[in-house]
Structures are given as structure tokens and as C-alpha cells.
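S.K.: I would like to see how this sequence folds:
(chains A and B)
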Amino acid sequence: MDFVPFWISFKLAALTTFILFLFALPLAWWLSQTASRTKPFVEALTALPIVLPPSVLGFYLLMALSSHSFLGKFIEDIFGVKLIFSFEGLVVASCFYSLPFMVQPLQSGLEGLNKHMLEASYLAGKSKFQTLFQIALPNIKPSLITALIVTFAHTVGEFGVVLMVGGSIPGETKVASVAIYEMVETMEYGQAHIYAAVMVALSFFVLLAVYIFNHKQKMKMGML
Amino acid sequence: MIQIDIQKKLHGSQGKMDLIVNQSVNRGEFVVLMGESGAGKTTLLRVLAGLEEAKGSIFVGNTEWQNNHKRVSPQQRNIGFVFQDYALFDNMSVEENLFFVNNDKALLNELLVMTELVALRRRNVQGLSGGQKQRVALCRAIMQKPKLLLMDEPFSALDSKMRKRLRTQLKDFHQRFDMTTVMVSHDASEMYALADRVWRMEQGKIIQEGTAHEVLSSQDEKAHYVEVLKLHNAKATVCIAGELLEVEVNNKISVGEEIKVVLQPCLYSNNK
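M.R.: Numbers count the residues shown, from 1 in each chain, chains lettered A, B, ... in the order given. Below you'll find the predicted structure:
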């Protein structure tokens, strides 16, 4: 059995989760603390990938990242990286696609924090940056773990956007979900069964691990 | 000396009002701030701490903490703040909460001994009782060696025995560390025991100041509008603050009617 599509899926998910965490954390922090009038607009924009069909997102990303667009050309000229039908392009597309799954749990966790706890940290002379890492994040562990794992799992389960932006280049952009689609098309049902079963099992255990962890954390915090 | 001259619009439980405070606090003085809820006491503390914006100026000695154009951040004010809900760092143990503020090991040990928290020093704060959490919050505020200690009803959730004990400890701290202190409290015994001066606040303004005795003894009579529950021999039974009281009434009153009952301050202190 060829495990390369799984490897690409997990590599893509790991990179996407890492990059998204770096970008989503300041965004979630800002959203949780701001009283700005622009907040609903930013929230709506962030949530768009949840409701949009992946083909719509894929279409716009394809337009934006192609070498005919300003952005695509700029990146190609400066970094020498083609973003369409390449692994790098998949990472960029996945970051957009999975953005709400990282931002929303972090934001709701941070919004649920006792405001006085953060203020006590400021009064102790700590900066916002120190407060975020030493007080806020350790106190929203369940939300943090949910954000990381669900982003990872959601990226592994990507299909439409990946197919449109990355195509199906073996060893480069052919992820597990796309491989299953092709197997079904060519009627290799036996292989498709194995791939699909692996995906179901992996996804189930990842989610189970998250729920067990969060249950334990809540017990520890006396919330259950 | 702290000079406060601030104004702020508030949307409190009693509708819109203006917080207007023009007061000064001497160095090392202990001020107790009293008044009904929604009068603006917490907001005044938060403005002093730099946690909320207000117009006007605050001077501490020769340092200007705020004017209409700039504000010194809470980080730079060196304030000890005891929140009503403790606001301890839940992810930390007792001593980690204290070390987060200041690394002074000797002071930490001393505070833990004074507040009888030594045995609990490595315990996570989430497992502590209300009184223990309160003591940790107090120690954490003092770890900062603050110029100004602000406390928002710090003992409100505690039983009277614990209140009494913490009151004594607070008095010790205040004398030893020479901290200028402003504390919100409704408790007459706390005012008598701790306050150099009491400020009474109403509708966003300090309407009276003086010693605890001066302010408390001149309090207006307090009127309650309550329903007559029972009538017997020209005596009506009414319920005020969960307590049943019998008051003398004239014969024209009937059960279910609303009457005005005025309580004198001395009745409060006698617990009748």
C-alpha cells in the first residue's frame, strides 16, 4: 500500500496548524479584547470558510495565487515559488480554509477568561505579551488543545480546496482524501476501503483524545 | 500625597450619572470608601489603577499618573489591587502566584507565615477555600511593595471570624509597609478598626468624609417601602432584608398595603 498520500496529508496538516497558530493567536487575542466596531466584520470574514463551498474558496484562491495574478507573480518573482499545483500553494490554501477552526476556539477561550485575572497581571507589571503566554494560554488549555487538534484534523480532511488549488500530483499534492476520490473513480474499491478506514480510525481517535483531555481538564478545574 | 481630580460618565444600575471626584489622600493614610452599590466606588478604584479611562488628573507625589492627554499604564503605577473575586492565577500554586509579582523570597516567606499559608504554599490555588484565596490575594498585592494599595470589598465573602483575623493582618501590613490604602467596604467594624478617614459616596460623588464615627453616626435614617404581611393589635408584620419586623401602625392600614418604615442606624448596630 502506498502511504505517501497519508504522509502528504499529515505534513500539510502539521505545517498548516503551526503557521495558523502563529497568525491566529494575535487575531484571536485582539478579537477577545477589543470593543472596536470593526470586530463583527473581522469575525464574519474569519468565519467565511465555514459556510462557503470549498469550490468557491478554491476558485478565488486559484485566481489569487496563479502566476497571472499580482500576488502569485509577486511571490514567484521574489521567492521563486509557484503556488498553483504545488505543496506550498496547498499550505497557503489550507491556512485560509482552516482559519476559523483555529481562531474561534482560541477567541472563545480567551473571552471566557476572568478579565480581572489579566488585569492583575498588568498591575503586576507584566506586558500584554507576557500576560498572554504566562496567564491567558495556560488557563485556556481545553480551548487551546481543541483549536490545535481540530485545525489539524480539519486540514487532513480537506478535499475540494486541495483538489482545485493543488490538483493531484503524486508525491507532491495528492493527499489521502484526493487519493480515495481517484480510487473510487477508477473503481479500486478495495484500496479505497483501506484508505477510508484508516481515515475514519485516525479521525475518531484524534477527536476522542481531545474530548478525553478536555473532560479531564474540566474535572481538574472543578467545572464538572 | 495622592491628588485625585477626575470626571467620568457612568451608565450604572441607577441610570446615567457623572463620577466626579476631587479628593486627596495623604501618604500612608488608610481611606475606606463606602456607599450603596452602583455609586461608583469600584470605578473610582479602577480609574486610580489605570484600568479605566477618565477625564482629569491624578498626581502621586510629583508624578502625574494621568491628565487629559496621557495616562501612565497600570504596569508602571506599582499598585497592589485586591479584587472582590480574588482574580488569582488559576494555573499557578500559592507561591507561584506571589513570585509572579516579585521574586523577593524573604518577603514571600514572611507573608506566608503572617497569613498562615505556609503549609499550602505548593498547592494549586483552585483547591483553596474562599478565605485562603483571599489571603493569597492580599499577599500577592503586598508582594508588589506598592505605593498604593487598592481593595474592592476584599472581605465581603468571608465569615465574621475570618474577617476579624484578616483585618488584624491588614492593619499590620499597612503599618509595616507604609502603604497608602483605599478600601471599599460596607462593614462598620472594618471602618472603625482600619480607617483614618471614611469617604461616603453617592451617585458618583463623595458626599461626606470624616472619621468612621463621624460618618457613620450622621447617616440618614433609612426608609424602606414594604408590604404589610399581617396585622394584629395595631401592629403590622413586615419583612426587611429577610428579617421579620413588627411595627406599630394606625388602624387605617390593611394587609397587603405598602407602608414606609424608617430604620434608625442604632437599630442596625443592635441587630434588631
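
S.K.: got the confidence number for the closest residue to residue B:182 other than its chain neighbours?
M.R.: Closest residue to residue B:182 apart from its sequence neighbours, by Cβ to Cβ, 6 or more residues apart in numbering or on different chains: residue B:31 at 4.8 Å. All C-beta atoms are positioned from the backbone trio N, CA, C, and that covers glycine. Residue B:31 is assigned a predicted lDDT (pLDDT) of 95.

S.K.: mind listing what residue B:252 touches?
M.R.: For residue B:252, the contact set (Cβ atoms under 8 Å, 6 or more residues apart in numbering or on different chains) is empty.

S.K.: show me the shaky parts of the chain.
M.R.: As the question left the chain open, I've gone with chain A. Per-residue confidence for chain A (pLDDT under 70) gives these ranges: A:221-224.

S.K.: try chain B instead
M.R.: Chain B contains residues with pLDDT under 70 at B:12-14, B:157, B:219-223, B:264-272.

S.K.: for it, what lies in contact range of chain A?
M.R.: Contact residues, chain B versus chain A (Cβ under 8 Å from any Cβ of the partner chain): B:49, B:51, B:73-81, B:83, B:85, B:87-91, B:100-102, B:126, B:140, B:144.

S.K.: hmm, which of these are the buried ones?
M.R.: Taking 16 or more other Cβ atoms under 10 Å in any protein chain shown as the criterion, what is buried in the residues of chain B next to chain A is B:49, B:51, B:74-75, B:77-81, B:83, B:87-91, B:100-102, B:140, B:144.

S.K.: got the phi/psi numbers for residue B:4?
M.R.: Here is the backbone geometry of residue B:4 (degrees, to the nearest 10): phi -110, psi 130.

S.K.: you'd agree it is up against residue B:58?
M.R.: Yes: the pair residue B:4 / residue B:58 is scored as a contact, 5.5 Å apart, by Cβ atoms under 8 Å.

S.K.: what residues do the two have in common as contacts?
M.R.: Residues touching both residue B:4 and residue B:58 (Cβ under 8 Å, 6+ apart): residue B:48.

S.K.: could you pull out the buried residues of the helix or strand harbouring residue A:205?
M.R.: Counting by DSSP states H and E, the element that carries residue A:205 is helix A:189-220. For helix A:189-220, a neighbour-count test (16+ other Cβ under 10 Å) marks A:191, A:192, A:195, A:196, A:199, A:202, A:210, A:214, A:217 as buried.

S.K.: what about residue B:242, how many residues close to it?
M.R.: Using other Cβ atoms under 10 Å in any protein chain shown, residue B:242 is surrounded by 5 other residues.

S.K.: now it: how far from residue B:259?
M.R.: Distance, residue B:242 to residue B:259, using Cβ to Cβ, to the nearest Å: 18 Å.

S.K.: just residue B:186 next, same as before
M.R.: Separation of residue B:186 from residue B:259 (Cβ to Cβ) stands at 26 Å.

S.K.: nearest to chain B, out of the buried residues of helix A:189-220: which one, please.
M.R.: Nearest to chain B, judged by Cβ to the nearest Cβ, of the buried residues of helix A:189-220 is residue A:217 at 11.1 Å.

S.K.: what about the spatially closest residue to the closest one that is not a sequence neighbour, neighbour count?
M.R.: Spatial nearest neighbour of residue A:217, chain neighbours left out: residue A:142 (4.7 Å); criterion: Cβ to Cβ, 6+ apart. Residues near residue A:142, counting by other Cβ under 10 Å, number 21.

S.K.: now do the one 10 residues further on
M.R.: By other Cβ under 10 Å, the residues close to residue A:152 number 23.

S.K.: pretty sure it is touching residue A:12, no?
M.R.: No: between residue A:152 and residue A:12 there is no contact under Cβ under 8 Å: 9.9 Å.

S.K.: residue numbers of chain A in contact with chain B?
M.R.: So far as Cβ under 8 Å from any Cβ goes, chain A lies against chain B at A:114, A:116-117, A:119-127, A:134-135, A:138-139, A:220-222.

S.K.: recalculate using a threshold of 7 Å.
M.R.: A:114, A:116-117, A:119-120, A:122-127, A:135, A:138-139, A:221-222 (Cβ under 7 Å from any Cβ of the partner chain).
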